[in-house]
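[1] model this:
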Amino acid sequence: MADVSHHNSDYDPVFGDYVALLKPRVMSLVVFTAFVGLMAAPVSLHPVESFCAILFIAIGAGASGSLNMWWDADIDAIMRRTKTRPIPSGRTTPDAALGLGVALSGLSVLMLGLAANWHAAGWLAFTIFFYAVVYTMWLKRATPQNIVIGGAAGAFPPLIGWVAATGSVSIEAVLMFALIFMWTPPHFWALALFMRSDYDDAKVPMLTVTHGRPSTRRHILVYAMLQAALAVGLAFTSVGGLIYLAVALVCNVIVLKDALRIWRRDEVDAEADNFKAERAFFRFSLLYLFVHFLAILAEALLAPYGLGGWS
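    So this is what the prediction gives:
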């Protein structure tokens, strides 16, 4: 991590600056997938216990975001999409981000253990460590597989939600984890295709930088196929059903069609239409994950009425 020397020491951070350190947009996806994991579990928690569990998982996610911004402040200042973050824009200090991240990490793990169980708390602690240390401090600047391996951190929330309810890991929890794990690389590689100069400038070894765009396009297609297989396979577990299966089939046909389109394009075509196909793939991938987990939630909520699942 390099020093962000242009920090304005006269600037007095406001509450919104500290909220921004927690990456609230990322946190919202974490909260939703963790909530679905908890609700889909075969064990029901008291509503207050459920609320507390999701709250502390969210705080843990925010802690990870703050630690990530502390370490990455130097490259955030270079990249167009991150240079307005609180540290590079001078709205707060690296030390404040580090202190906030460490404090919230300890708080979230301790309180999740007390509110739910220590198995879930252990998974949350591992997730924070994985994102802040394994991905941010090690993988991100060391290997083009950064987003492949590091993507595991964002895939843990539904598993943690499931464990918070049940106290154990099951095949359903592992498959929900695996779906997000497979979704993450093509999602970010599509972004990297039309934001490559950012990663070049910051010397981050994203696949587009180290292996080129044609290789990245092939990787997107392969991962889209694996993602589709996992998504459809999840339909035939206890958290799936006809609703989820219909959603998975429709969404994955769209993803595979778009991935094929990206794979067939050359750079002349992509530059000519300002990476229209790549931008469309990236936008739909945001909706893709939300819709799949919404369908799992629908199956769980309708199951007591005999309308969800395979019953």
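[2] element containing the residue nearest to residue 260 when sequence neighbours are not counted, please.
    Leaving aside its chain neighbours, residue 260 sits nearest to residue 221 (6.6 Å; criterion: C-beta to C-beta, 6 or more residues apart in numbering). No exception for glycine: its C-beta is placed from N, CA and C like everyone else's. Element membership for residue 221 (DSSP states H and E) is helix 213-234.
[3] hang on, the earlier thing: was I right about the residue nearest to residue 260 contacting residue 264?
    No - contact criterion C-beta atoms under 8 Å: residue 221 and residue 264 do not qualify, at 9.4 Å.
[4] Compare those two (neighbour count), which wins?
    residue 221 (17 against 11; other C-beta atoms under 10 Å).
[5] distance of that one from residue 92?
    41 Å (C-beta to C-beta, to the nearest Å).
[6] ok, now residue 72?
    With C-beta to C-beta as the criterion, residue 72 and residue 92 are 14 Å apart.
[7] Tell me where the model's unsure across this protein.
    Low-confidence segments of the chain, defined by pLDDT under 70: 1-13, 196, 200, 202, 311.
[8] Break it down into its domains, please.
    1-169, 170-311 (automatic domain parsing).
[9] For residue 153, what is the enclosing helix or strand?
    Going by DSSP H and E, residue 153 is in helix 152-155.
[10] Which positions in the longest helix along the chain come out as buried?
    Counting by DSSP state H, the longest helix found in the chain is helix 276-302. Using 16 or more other C-beta atoms under 10 Å as the test for burial, helix 276-302 gives 277-279, 281-282, 284-285, 288-289, 292-300.
[11] what comes into contact with stretch 57-67?
    21-24, 26-27, 30-31, 34, 97-98, 100-105, 107-109, 111-112, 124, 127-128, 131-132, 136, 153, 157, 160-161, 164 (C-beta atoms under 8 Å, 6 or more residues apart in numbering).
[12] got it, and stretch 164-176?
    Under C-beta under 8 Å, 6+ apart, the answer for stretch 164-176 is 33, 36-38, 40-45, 50, 53, 57, 112, 116-117, 119-120, 158-159, 162-163, 230, 233-234, 237-239, 293, 296.
[13] list the contacts for residue 115?
    Per C-beta under 8 Å, 6+ apart, neighbours of residue 115: 49, 52-53, 56.
[14] Next step: those restricted to helices.
    49, 52-53, 56.
[15] Quick check on these: which are buried?
    Using 16+ other C-beta under 10 Å, the buried ones in the ones in helices among the contacts of residue 115 are 52-53, 56.
[16] in the helix or strand that the helix holding residue 221 is followed by, what's buried?
    Counting by DSSP H and E, the element after helix 213-234 in chain order, helix or strand, is helix 242-264. Buried positions in helix 242-264, judged by neighbour count with 16+ other C-beta under 10 Å: 243-245, 247-248, 251-252, 255, 258-259, 261-263.
[17] neighbouring contacts of helix 242-264?
    In contact with helix 242-264 (C-beta under 8 Å, 6+ apart) are residues 186, 190, 193, 217-218, 220-221, 224-225, 227-228, 231-232, 234-236, 277-278, 280-281, 284-285, 288, 291-292, 294-296, 298-299, 302, 308, 310.
[18] Mind doing that once more with 6 Å?
    217, 220-221, 224, 228, 231-232, 235, 277, 281, 288, 291, 295-296, 298-299 (C-beta atoms under 6 Å, 6 or more residues apart in numbering).
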